[in-house]
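Novice: everything below, folded, please.
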Amino acid sequence: MRHLKHTAKLGRKSEHRNAMLANLVCSLIKHNRVITTLPKAKAARSLAEKMVTLAKKGSIHARRLAVARLHQEDAVGILFKNIAPQFKSRNGGYTRIVKLAWNRFGDAAPMAIIEWCEGEGVSQQEQSQTAAQQPTPEQAKNQTETLPASDKTAETTQTPSATSQTPESQQEKTNQEAK
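Specialist: Next comes the predicted model:
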């Protein structure tokens, strides 16, 4: 029985799991939002919140502990300079997990978005810009399907010989169309 055992193993050995979660948290720090599976998001949430708590302390020791855990100094710099001051007056709950309506196509894994909650310095405009930059797979699919049929056929039926016509043959063709 796994009573009081809270570590999500995610089907990986401990070294692989720690490296994956560190990379996921670094991506969250750099991009403010990450689309991943729901179990990975839940596992990364605890690490991300611990890193913000370290960053709020702001000491050299806290910075060294964060670098030892995340292995990316540039992400730790962003965490200490930009993210931690936003949550200075907040006591916890720095991240939000939003379940997505669609599952991953290959294995039907439930997908989620992990992102920072609104801090003092995060504006609604910045969040809307990051949301607009990452279309969901359904939106990307709909964008390719909304092309008119004539555009799709024009792209597929265009041959090199049609584009390499001489100017005289193109002029004759336009003259015949005008008559």
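Novice: and residue 26, how close does it get to residue 106?
Specialist: Noted for residue 26: a distance of 25 Å to residue 106, by Cβ to Cβ, to the nearest Å. For the C-beta atoms, the positions are set from N, CA and C on the backbone; glycine is no exception.
Novice: now the helix or strand containing residue 18: buried residues?
Specialist: Per DSSP states H and E: residue 18 is located in helix 14-31. Neighbour-count burial for helix 14-31, counted by 16 or more other Cβ atoms under 10 Å, picks out 17, 20-22, 24-29.
Novice: and which of the residues you listed is nearest to residue 3?
Specialist: Comparing those against residue 3 with Cβ to Cβ places residue 17 closest, at 20.9 Å.
Novice: nearest residue to the closest one other than its sequence neighbours?
Specialist: Sequence neighbours aside, residue 10 is the residue nearest to residue 17 in space, at 5.6 Å (criterion: Cβ to Cβ, 6 or more residues apart in numbering).
Novice: give me the neighbour count for the one you found.
Specialist: 14 (other Cβ atoms under 10 Å).
Novice: could you do residue 118 as well?
Specialist: 15.
Novice: could you check the pLDDT of it?
Specialist: pLDDT, residue 118: 83.
Novice: could you list the low-confidence segments of this structure?
Specialist: Flagging of the chain using pLDDT under 70 yields the residue ranges 119-179.
Novice: OK, contacts around residue 92?
Specialist: Listed by Cβ atoms under 8 Å, 6 or more residues apart in numbering, the contact set of residue 92 reads 49, 53.
Novice: cool, and the one 4 residues further on?
Specialist: The neighbourhood of residue 96, defined by Cβ under 8 Å, 6+ apart, consists of 114-117.
Novice: and residue 35, how far is that from residue 81?
Specialist: From residue 35 to residue 81 the distance is 25 Å (Cβ to Cβ).
Novice: and what of residue 52?
Specialist: 13 Å.
Novice: so for these two, which residue has more residues nearby?
Specialist: Comparing residue 52 with residue 81 by other Cβ under 10 Å, the one with more neighbours is residue 52, at 24 against 11.
Novice: my guess is that one is in a helix, correct?
Specialist: Yes. Under DSSP: H, G, I helix; E, B strand; the rest coil, residue 52 sits within a helix.
Novice: which one is residue 44 nearest to, not counting chain neighbours?
Specialist: Nearest to residue 44 is residue 24, by Cβ to Cβ, 6+ apart, at 4.5 Å.
Novice: the one you found against residue 34, yeah?
Specialist: Yes. Assessed by Cβ atoms under 8 Å, residue 24 is found in contact with residue 34 at 6.4 Å.
Novice: what touches both of the two?
Specialist: 44, 114.
Novice: before we move on, the earlier item: show me which of the contacts of residue 96 are buried.
Specialist: Members of those classed as buried by 16+ other Cβ under 10 Å are 114-116.
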